[in-house]
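Sequence first, then the predicted structure:
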Amino acid sequence: MGKSLLILPKQKEDEEILTEDSEPRTEDDKHDVSQFPYVEFTGKDSVTCPSCQGTGRIPRDQDNQLVALIPYSDQRLKPRRTTLYVLLSVFVCLLLSGLAVFFLFPRTIDVSYVGVKSSYVTYDKDRRIIYLNITNTLNITNNNYYPIHVANVTAQVQFYKTVIGKSVVNNVTMILPLDMRQIDYTVPTIIADEMSYIFDYCTLDSIKVHNIVVMMQMTVTTVCFGHIEQVSQEKYLYVDCGSNTTSSHGHMIH
């Protein structure tokens, strides 16, 4: 749009305007002035605004078709502290990422074998068979900052090279963050057939303690966020096959 040029009236007309302006105006006159419609004065070097069409308003249906031009020196084109905001955003993102990695990074599950808690012995004298139920104790420590689920504990007992018992305990327990739980599990064993000579040793009255050496193999399976982790251990133990025993700490061979 070209320049708007207001043609000045003659001196006489100016005097008349000044005379009229010097008269006091009532509230109705002020109200009428405020409601005075938009008028565009154009000169010979200017044209009427095509978008406003001389009304001073932009049609509603042209809101998305018109582009507003603002001076280059307008402060809205010069946002303040942009570098500070960018650095602050990067720092916050790095901080949140670091905290997420620190708390969600998977840590090892510690499994420590405490020992034999109890052993329960029964005999079948006719078939020279020994039934020995061995109850063991494990300490499982969760070093993570989130809970884990102990899905199962599998164990087997070997006497020399022969497997004499197996056990699987499912859906054991849930361990809270940075917590430790003690778990007991029982492995039923049978000593028979080619090892029937052990029957004589375990039932000999002249011996007070009838210890035999067995190897305990155990595997603890934990699950967290769909991730499965297994921890396995092997221990050699002294077990009394001559009588029922209960102990808070069993005998282990290191």
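Yes, it's here. Keep in mind the model is a prediction, meaning the values are calculated, not measured.

quick one: low-confidence ranges for the stretch 51-200 of the chain?
For the stretch 51-200 of the chain, residues meeting the criterion pLDDT under 70 lie at 51-58, 62-63.

what pairs with the nearest residue to Thr186 once chain neighbours are set aside across the strands?
Among residues not flanking Thr186 along the chain, Thr135 sits closest, at 4.6 Å (Cβ to Cβ, 6 or more residues apart in numbering). C-beta here means a position set from N, CA and C on the backbone, and glycine is covered the same way. Under DSSP bridges, the beta-bridge partners of Thr135 are Ser118, Thr186.

hang on, isn't Thr135 packed against Ala155?
No. Applying Cβ atoms under 8 Å, one finds Thr135 not in contact with Ala155, separated by 10.9 Å.

and the helix or strand containing Glu234, which residues are buried?
Here Glu234 is covered by strand 227-240, with elements defined by DSSP states H and E. By 16 or more other Cβ atoms under 10 Å, the buried positions in strand 227-240 come out as 235, 237, 239-240.

now stretch 112-129
For stretch 112-129, a neighbour-count test (16+ other Cβ under 10 Å) marks 113-119, 121, 123, 128-129 as buried.

Any idea which residue is closest to the centre of the protein?
Geometric centre of the chain, nearest residue: Leu104, 6.2 Å, by Cα atoms, centre = their mean.

In this structure that one contacts Tyr146, no?
Yes. If you go by Cβ under 8 Å, Leu104 and Tyr146 touch, sitting 7.1 Å apart.

Give me the contacts around the strand holding Glu234.
106, 109-111, 113, 115-116, 119, 121, 132, 134, 151, 209-223, 250-253 (Cβ atoms under 8 Å, 6 or more residues apart in numbering).

Against Arg107, how distant is the residue nearest to Thr137 when sequence neighbours are not counted?
Once flanking residues are discounted, Thr137 sits nearest to Val114: 3.9 Å by Cβ to Cβ, 6+ apart. Distance of Val114 to Arg107, given as Cβ to Cβ, to the nearest Å: 22 Å.

ok, now Asp193?
Going from Asp193 to Arg107 by Cβ to Cβ gives 45 Å.

same deal with Ala192?
Distance of Ala192 to Arg107, computed by Cβ to Cβ: 44 Å.

Neighbour count: these two, which is higher?
Legend: neighbour count by other Cβ atoms under 10 Å for Ala192 and Arg107, higher for Ala192 (15 against 12).

Could I get the phi/psi values of the more buried one?
Per-residue torsions, Ala192: phi -150, psi -170 (degrees, to the nearest 10).

Contacts only, for it.
Shown in contact with Ala192 (Cβ under 8 Å, 6+ apart): 127-130.

switch the cut-off to 6 Å
By Cβ atoms under 6 Å, 6 or more residues apart in numbering, the contact list for Ala192 reads Ile129.
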